[in-house]
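# Prediction below, plus the sequence it came from.
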Amino acid sequence: MPAVSKGDGMRGLAVFISDIRNCKSKEAEIKRINKELANIRSKFKGDKALDGYSKKKYVCKLLFIFLLGHDIDFGHMEAVNLLSSNKYTEKQIGYLFISVLVNSNSELIRLINNAIKNDLSSRNPTFMCLALHCIANVGSREMAEAFASEIPRILVAGDTMDSVKQSAALCLLRLYKTSPDLVLMGEWTSRVVHLLNDQHMGVVTAAISLITCLSQKNPDEFKTCVSLAVSRLSRIVSSASTDLQDYTYYFVPAPWLSCKLLRLLQCYPPPEDGAVKGRLVECLETILNKAQEPPKSKKVQHSNAKNAILFEAISLIIHYDSEPNLLVRACNQLGQFLQHRETNLRYLALESMCTLASSEFSHEAVKTHIETVINALKTERDVSVRQRAADLLYAMCDRSNAKQIVAEMLSYLETADYSIREEMVLKVAILAEKYAVDYSWYVDTILNLIRIAGDYVSEEVWYRVIQIVINRDDVQGYAAKTVFEALQAPACHENMVKVGGYILGEFGNLIAGDPRSSPLVQFNLLHSKFHLCSVPTRALLLSAYIKFINLFPETKATIQEVLRCDSQIRNSDVELQQRAVEYLKLSSIASTDVLATVLEEMPPFPERESSILAKLKKKKGPGAVSVTELEDNKREGGELNGGSDRGPDTSAMAASNASTPSPSADLLGIRSAAPVGAAPASAGSLLVDVFSEAGPAAPSAAVNDDGFLRDLEQPTETSDSLLVEGSGDSDSAPPSEDPAAPLPEADDLLNKFVCKNNGVLFENQLLQIGIKSEYRQNLGRMYLFYGNKTSVQFASFTTTVSCPGELHRPQLNVQTKPVEPLVEGGAQIQQVLNIECLTDFSEAPLLNIKFRYGGALQNLTLKLPVTINKFFQPTEMASQDFFQRWKQLSQPQQEAQKIFKANHSMDTEVLKAKLLGLGTALLDNVDPNPENYVCAGVIQTKGQQVGCLLRLEPNAQAQMYRLTLRCSKDSVSKRLCELLAEQF
C-alpha cells in the first residue's frame, strides 16, 4: 500500500493526542475531550464545506476519542463521505472509522455498501483491498447478503492482482464463518480449488484456509482438492530452502503453507488413486527423514517450524491409520521427543502417542516406551505433561501390562495434583475392571483406590464394584473378608463405609463363621462408623442393619435397640426417621419367612456399558479420544461378568414394600433417572445410565422453613439439568443442530453479574434477555425474561441449560421449566430455573437459545451468571477472630493473591457496594490500615462449607489494588480471585 506522505501528518491530531497525554487527572482529560468534541461538532455543522484533509483529521480525532472509551454519536456521515475520496489516506481513515464504530444495523449501511461496491468495481487494487478488509472486519449478515456473490468472482478472475486475491479469499472465509447459508460456491467451486496451483504462494496460503473450511462442511464438493494439495505439498517438501526464498522461514520452506496442506488432507480419507497416494507417502517419508537430519540453525524458530510440520504430518499418518511402516516410524520419532529437554515437545509427543496407541499397527511400538512414560509421570514438573503421561499409560494398557500400569498409577495417585485425581481414579477403575483376570485383584485395587483417593472416587466407581461382586459368586466371600479388614482402619473414608455396609449387608454371612468376624463384630464395626457419616450413608447403613436381622437373627435385639433410640426414631432428617421407624416395625411384626422374602439377596444386575467409561468419555481432549478409540478398536473382551450400571438400590436392599419413599429420600440419586422406556441418555448425563431402570420420583431439593424453593418441580422429560440432560418438545424443537459456541463477549457479560443479581444479561437487534435471581444457602432461583424486540414472531423457541464438558463430579443441579415455543412480536416470556450447589465449581453453566426468525435459525449460547460467590453466607467476626482464622489458613495453596491496575473509579462507596454485592460481610475496624477492606463469608454447598477471608488493599496514588483471598479450599481461592479482579 502507498506510504503516507509528509503532508498527511495531521499536526492537529498530534497536538490533541499530546494534550490528552499531558492531562494530570481524569477530569482534565474529560474536559479536554469535551472541548474537542464541541469544536468538531461545530466544524461539521458549519456552513463552510470542509475539505477532505479536515474531514480526515476530525474523523481521526473521533476515532481516537472512541478508543479512549468515550461514546461517539456523530461523525458517521463524514466518515462515509470519506469513502468517496480518491485519496488513499482519506479513504483508509473512512474505512477504519466504519469498521470500528458503525453498527451493522445502522441506517448508513446502504450508503456504505454502495461505496464498497464502487471500490470493488474500480479495479484499483489498493481501493479493492480496503473495501474487502472492511467487509471482513464488519462481517455482518447484511454485508454477506450484499457481497457474497461478488467476492468469489473477484477471487477467481484472471485479471485480479495477487494481493486482491489474498484479501478476497480471507474476506470470503470470514463471511462463510458468520453466514454459511449465504456463501454458495456452486459454479465457483472448481476454480477456487484450482487456486492451489496458483504461482503466488501468498494466494495459495490464503486460499487453502478458505478451502479447508469449506471442505469440512462440504467434503464431496471439494474432494478434487486432494490431488492438488498433494502435488503442491510434494513441490514444497522436495524443494531446497533457496528455491522459495521469499517464503523460507529459518531454512524451512513455506512452513505455514505445509501445515495447512497437511491439515486439509486430514479432512479426507487416504487417496484412492495409487499414484497420488504413493506421492503423498513419499512426502510423509521425506518429512520424517528431515526430522532426523541435523538442524541447519541453532535458532529456536528453525526447530519450531520444522517440528510444526512434523507433528502435522504425524497427525495425518494417524488419521489415515493405513500405513504400518509410517505409523511405526512416527512412533519412534515421538519416542525420541519423550526425553527432549523442551517441555512443549514432550507434551506434544505424549499427546500424539495417545492416539497412536489406538492403532493396531503401532500399539506394540508405543508399549516399548512404557518405562519412559512412567518416569515422566513421576518426575515431570509440569502438571499438564504428567496428565498426558497418565493418558498415554491408560491408552497403551492391555492384558500384558495392566497390573504394572495400574500399580504405577495407584502409586502416583498418592501424590498426584488435585486437578487430575478424579480422572486418574476413573482410569484406574476402568483398567482394573477391563483387564482383570483375577477378581480378587480387582476388588483389592478398587478398595485400595478408595483408601488412597476416597474424596475423588465418584459414585459410579463404588456402584460398579458392588455390581460386579453381586454378579460373581466366586468373589463374594473374598470381597466381604477384604472390606471387613479395610473397615478396621482407624481412619476410614466414607465411600469405604458405603461399600462395606452394602457388601456386609448382602454377604456378611459368608465370613460369619470366623469368631473374628462374627455377626455382632460386623455390626459393631459398621455402627462405630455411623456417627461420622453423612445422611445418605447413614440411610444405607440402616438398610444394612435390617439385612443383618434377616441374615443373623441373634443380632435382632441389639439392632432393634439401635433403631429404637431417640437419635433414630426422632431424627431431624425425615428419611432417617422414616427408615428407623419402618425397619423397627418390620423386624417386630414380620415372620421369619416374610422377612426373608422382603429382604432377600439382591439379584444379579443386567449387563450394560460401564458408567465409569461413559463418565470418562465426557472429558474433552486427547485422553478422551484415545479412550473412545481404544474401547472400539482395542477391546479384548476383558469386561467382568455382569457389567451393569444400575446403581445399588438401597431401597431394594431394604423392605421396598414396607416403606413409601419420603419426598427427601434420594439416597443414591434415583430421581435423576430417566423414566422407564425413555430415550437413552446422552453423554451429558452422568448418572442416567446408572439408574435407567428406576422410575421417576420427586426431586431431592432442600426446603427451607419459609418455603424458599418449595415449588421446585421434579425433573421431567422436558426439564434440563446438569445432572439429567433433558429433552425439549419434539414438535416445536428446531432442527437438530449443535449448540453454538459461547459468544465472544460471554465472559464480559458474566462478569457484570458477579456483584449483582438483576439486570439485562444480553441484548441484540432481535432479542433481549433480562435476569432476576435470589440465593439462600446452597439454593437459588433465577428468572429469565426473553423479550422479542421485533414485530415478527419467534418460532420453535427452545432453551437448554448445560454443563461445560469437564471431568468432574456433578457440581450444580439446575432444573428448568420449559418455555413457550412461540414468542409473539413485542412480547416477553419468562422461564424459571432452580439451582442447587452440590460442590464448588469454576465454570458457569451454559444457556443455549434456538429459535427461528423469518425462517432463519438463530443459535446463540451465553454463560449463565451463576458464580461460586452467589452461595456466600455473610459471617461477622471481630478483629482478633479474623486474624486468628487468617493465620490458620496459611498453607500456600489456600491463598490466592493478585496485584492489578484499577479498571474503574476507586470510589469508596462503590467499592463497599461491590464487596457487599459479592455476598460477604464487610468487617469494619478489623484491618490496622483503615484504607483496607476486609470481608468474611462461608460458601454453602450441599457437600461442604468453605470458609473464605478477603482483604482488598487499594493504592489510590498508583491506581492499583492488591487482592488477597484465603479459603479452606484452594480451588475456591483461585476462582474468587479471578472473578473479583475484574470488578475493581
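Yes, it's here. Because the structure is predicted, anything quoted here is derived from the model rather than measured.

# Low-confidence regions, the stretch 601-750 of the chain specifically.
607-611, 613-739 (pLDDT under 70).

# ranges for the helices of the stretch 151-300 of the chain?
Counting by DSSP state H, counting those that start in this stretch, the stretch 151-300 of the chain has helices at residues 151-156, 162-178, 189-193, 201-217, 225-238, 255-265, 274-292, 300-320.

# Can I get the longest one as PDB, trimmed to CA atoms?
Extracted C-alpha coordinates of helix 300-320, given in PDB (Å, rounded to 0.1, in the frame of the first residue of the first chain):
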ATOM      1  CA  VAL A 300      14.500 -21.900  18.200                       C
ATOM      2  CA  GLN A 301      12.500 -20.600  15.200                       C
ATOM      3  CA  HIS A 302      14.100 -23.200  13.000                       C
ATOM      4  CA  SER A 303      13.200 -26.100  15.300                       C
ATOM      5  CA  ASN A 304       9.700 -24.700  15.900                       C
ATOM      6  CA  ALA A 305       8.900 -24.500  12.100                       C
ATOM      7  CA  LYS A 306      10.400 -27.900  11.500                       C
ATOM      8  CA  ASN A 307       8.600 -29.600  14.300                       C
ATOM      9  CA  ALA A 308       5.300 -28.000  13.400                       C
ATOM     10  CA  ILE A 309       5.400 -29.700  10.000                       C
ATOM     11  CA  LEU A 310       6.500 -33.000  11.600                       C
ATOM     12  CA  PHE A 311       3.600 -33.100  14.100                       C
ATOM     13  CA  GLU A 312       1.100 -32.200  11.400                       C
ATOM     14  CA  ALA A 313       2.500 -35.000   9.200                       C
ATOM     15  CA  ILE A 314       2.200 -37.400  12.100                       C
ATOM     16  CA  SER A 315      -1.400 -36.300  12.700                       C
ATOM     17  CA  LEU A 316      -2.100 -37.100   9.100                       C
ATOM     18  CA  ILE A 317      -0.400 -40.500   9.400                       C
ATOM     19  CA  ILE A 318      -2.500 -41.300  12.400                       C
ATOM     20  CA  HIS A 319      -5.700 -40.000  10.600                       C
ATOM     21  CA  TYR A 320      -5.100 -42.400   7.700                       C
END
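
# starting at the chain centroid, how far to it?
27 Å (C-alpha atoms, centre = their mean, to the nearest Å).

# Show me what it is packed up against.
Helices and strands touching helix 300-320, by 3 or more C-beta pairs under 8 Å, 6 or more residues apart in numbering; DSSP states H and E, are strand 252-253, helix 255-265, helix 274-292, helix 324-337, helix 343-356. Glycine gets a C-beta too; all of them are placed from N, C-alpha and C.

# which residues does Phe816 bridge with?
Check again: residue 816 is Thr, not Phe. Beta-bridge pairing of Thr816 under DSSP bridges involves Leu833.

# thought it was touching Gln831?
Yes - judged on C-beta atoms under 8 Å, Thr816 makes contact with Gln831 at a distance of 6.6 Å.

# which stretch of helix or strand covers the nearest residue to Tyr412 once chain neighbours are set aside?
In space, and not counting its chain neighbours, Tyr412 is closest to Leu377: 5.4 Å by C-beta to C-beta, 6 or more residues apart in numbering. When elements are assigned from DSSP states H and E, Leu377 belongs to helix 370-379.

# can you check Ser971 too?
helix 970-981.

# What are the contacting residues of that helix?
418, 751, 754, 840, 842, 867-869, 893-898, 900, 918, 939, 946, 948, 950, 961, 963, 965-967 (C-beta atoms under 8 Å, 6 or more residues apart in numbering).

# Look at Thr816 and Gln831 and report which has more neighbours.
More crowded of Thr816 and Gln831, by other C-beta atoms under 10 Å: Thr816, with 23 against 18.

# Relative to Asn834, how far out is the more buried one?
Distance of Thr816 to Asn834, computed by C-beta to C-beta, to the nearest Å: 8 Å.

# what comes up buried for the helix or strand hosting Cys129?
According to DSSP H and E, Cys129 maps onto helix 125-138. Within helix 125-138, the residues that count as buried by 16 or more other C-beta atoms under 10 Å are 125-136, 138.

# Quick check: the two most widely separated of these?
Pro125 and Val138 (20.7 Å; C-beta to C-beta).

# low-confidence ranges in the stretch 201-350 of the chain?
241-243, 245.

# The stretch 51-200 of the chain now?
Applying pLDDT under 70 to the stretch 51-200 of the chain flags residues 104-106.

# at 80 instead, please
102-108, 185-186 (pLDDT under 80).

# any chance you could map the strands in it?
Taking DSSP state E, counting those that start in this stretch, the stretch 51-200 of the chain contains no strands at all.

# ok so, going back, which parts of the first helix or strand past the helix holding Leu377 going along the chain are buried?
Once the chain leaves helix 370-379, the next helix or strand it forms, by DSSP H and E, is helix 383-396. Residues of helix 383-396 classed as buried: 385-396 (neighbour count, 16+ other C-beta under 10 Å).

# try stretch 580-589
580-584, 586-587.

# Can you flag which of these belong to helices?
Mapping the buried residues of stretch 580-589 onto helices (DSSP state H) picks out 580-584, 586-587.

# quick one: Leu13 and Ile33, what's the gap?
14 Å.

# now the helix or strand hosting Leu542, how far from the chain's geometric center?
According to DSSP H and E, Leu542 maps onto helix 535-551. Relative to the chain's own centre, helix 535-551 is displaced by 39 Å; criterion: C-alpha atoms, centre = their mean.

# Buried residues in the helix or strand following that helix, which are they?
Using DSSP H and E, the helix or strand that follows helix 535-551 towards the C-terminus is helix 556-564. Of the residues in helix 556-564, those buried by neighbour count under the rule 16+ other C-beta under 10 Å are 558-560, 562-563.

# Take the helices of the stretch 151-300 of the chain and lay them out in CSV including distance to Leu37.
As requested, these are exported to CSV (distance: least, C-beta to C-beta, whole Å):
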stretch, distance to Leu37
helix 151-156, 37
helix 162-178, 33
helix 189-193, 47
helix 201-217, 40
helix 225-238, 53
helix 255-265, 44
helix 274-292, 59
helix 300-320, 47
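
# who wins for proximity to Glu142 among these?
helix 162-178 (10.9 Å).

# quick check: angle from that closest one to helix 201-217?
Relative orientation of helix 162-178 and helix 201-217, computed by axes from the mean of the first three to the mean of the last three C-alpha atoms, to 10 degrees: 20 degrees.

# Now do helix 162-178: everything it contacts.
125, 128-129, 132-133, 135-136, 139-141, 143-144, 147-148, 151-152, 154-155, 160, 182-183, 195, 198, 200, 202-203, 205-207, 209-210, 213-214.

# just stretch 832-842 next, same as before
With contact meaning C-beta under 8 Å, 6+ apart, stretch 832-842 is reached by 701-702, 709, 712-713, 775, 778-784, 801, 808-817, 864, 866, 868, 871, 939-944, 946, 969, 971-972, 975.

# please redo it, this time with the cut-off set to 6 Å
Under the contact criterion C-beta atoms under 6 Å, 6 or more residues apart in numbering, stretch 832-842 has outside partners 701, 709, 712, 778-783, 810-817, 868, 871, 941-943, 972, 975.

# Which positions in that stretch come out as buried?
Buried-residue list, stretch 832-842, by 16+ other C-beta under 10 Å: 833-842.
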